[in-house]
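In: Fold the following, please.
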Amino acid sequence: MTHTELLENINAKETFPIEYRKTLQEIAELHTYVLTGKKMRGKAGLRKRCTECGFAYPCSTIQIIEKEIK
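Out: As a prediction, the model looks like this:
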């Protein structure tokens, strides 16, 4: 799921109270991603990294949010 789809799915989840959806959206907006270049074992490539925690995207926070909205 892309980050944009995640935000749309949070807003579409009408079974959640509005405050809960707003909180999930704010957290998800903090945990966006950037593409970082890293050369590993002779291969160059761009990898997604979470802007908030620095882990590979989707980070554990985003994974938990995705699990909640399914």
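In: Which of the residues in the helix or strand where residue 48 lies are classified as buried?
Out: Residue 48 is part of strand 43-50, with elements assigned from DSSP states H and E. Using 16 or more other C-beta atoms under 10 Å as the test for burial, strand 43-50 gives 49, 50. Glycine gets a C-beta too; all of them are placed from N, C-alpha and C.
In: Could you point out the helix or strand that follows that strand?
Out: Assigned by DSSP H and E, the successor of strand 43-50 is helix 60-69.
In: Show me what that next one is in contact with.
Out: For helix 60-69, the external contacting residues (C-beta atoms under 8 Å, 6 or more residues apart in numbering) are 1, 6, 9-10, 13, 24, 27-28, 31, 50, 52-53, 58.
In: give me that answer again for 6 Å
Out: Helix 60-69 is contacted from outside by 9, 10, 13, 24, 28, 31, using C-beta atoms under 6 Å, 6 or more residues apart in numbering.
In: Which of those has the largest number of neighbours?
Out: residue 10 (23 neighbours; other C-beta atoms under 10 Å).
In: in a helix, that's where that one is, yeah?
Out: Yes. Secondary structure assignment (DSSP: H, G, I helix; E, B strand; the rest coil) places residue 10 inside a helix.
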